[in-house]
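Peer 1: let me see the structure of the following:
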Amino acid sequence: MKITYQPRTMRGFTILELMITLIIAAILLSIAVPSFNNLIQRNQITTYANELGTTINLARSEAIKRGEDITIISNNGLDWTQGWRLQVDSTAELLRTAPALNGSNTFTSNSNSAITFNSRGSTNLGAEEFWSLCNVNVAAGRRIRLAVTGRISVREITPCP
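Peer 2: Residues are numbered from 1 along each chain as shown. From the prediction side, this is the model:
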């Protein structure tokens, strides 16, 4: 019995198939990347809004727990883009800081650069406080509302002011 050798057929991609696949992948990426950047910017806005909301809730709960005034202070007046800090009024103990926003984000307040919570959990505000968080590249932004009682709400705003 004679055994004959039969070569296997080559399995793989030809250079033409590989080039066509790479071209299609490049086209799909060029479509997807701008949308992905928009998603990242919208998520940054949401993250910053949640960070301020968390700081407000912490200030309120610490004021009640400690029985003394706790203040959230903007690092740059009514422009909260440069970050903020949370501190105990009587000892100037720093409880939390927030870094400056990056890129083309804006974060402005309607009237106050500092908000103080008293031992009952209410604020020193005479009226509601609003913050608008926007990015010039994104149509929608976030609005944070702080009631005089110390309660907050966050909602999406379109168009961003």
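
Peer 1: which residues touch residue 110?
Peer 2: By C-beta atoms under 8 Å, 6 or more residues apart in numbering, residue 110 lies in contact with 129, 130, 131, 132. For every residue, glycine as well, the C-beta is placed using N, CA and C.

Peer 1: among the residues you listed, which are in strands?
Peer 2: 129, 130, 131, 132 (DSSP state E).

Peer 1: mind listing what's buried in the lowest-mean-pLDDT helix or strand in the chain?
Peer 2: The weakest-scoring helix or strand in the chain, judged by mean pLDDT, DSSP states H and E, is strand 105-109 (a mean of 83). Neighbour-count burial for strand 105-109, counted by 16 or more other C-beta atoms under 10 Å, picks out 105, 106, 107, 108, 109.

Peer 1: and stretch 121-141, by the same measure?
Peer 2: By 16+ other C-beta under 10 Å, the buried positions in stretch 121-141 come out as 121, 122, 123, 125, 129, 131, 132, 133, 134, 135, 138, 141.

Peer 1: now those as CSV including pLDDT and distance to residue 54?
Peer 2: CSV is the format used below for those (pLDDT from 0 to 100; distance: C-beta to C-beta, whole Å):
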residue, pLDDT, distance to residue 54
121, 86, 16
122, 86, 19
123, 86, 16
125, 82, 19
129, 87, 16
131, 88, 13
132, 88, 18
133, 89, 14
134, 87, 20
135, 85, 20
138, 81, 22
141, 88, 18
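
Peer 1: just give me the closest of those to residue 28.
Peer 2: Of all those, the one sitting nearest residue 28 is residue 138; the distance, using C-beta to C-beta, is 23.0 Å.

Peer 1: look up how far residue 45 lies from the closest one.
Peer 2: Separation of residue 138 from residue 45 (C-beta to C-beta, to the nearest Å) stands at 7 Å.

Peer 1: do the same with residue 95
Peer 2: For residue 95, the distance to residue 45 - C-beta to C-beta - is 24 Å.

Peer 1: same thing with residue 73?
Peer 2: 22 Å.

Peer 1: of the two, which one has the most company?
Peer 2: Per other C-beta atoms under 10 Å, whichever of residue 73 and residue 45 has more neighbours is residue 45, with 21 against 14.

Peer 1: three-state assignment of the more buried one?
Peer 2: Three-state assignment for residue 45 (DSSP: H, G, I helix; E, B strand; the rest coil): helix.

Peer 1: so how far is residue 99 from it?
Peer 2: In this view, residue 45 and residue 99 are 15 Å apart by C-beta to C-beta.

Peer 1: go on, residue 17?
Peer 2: 48 Å.
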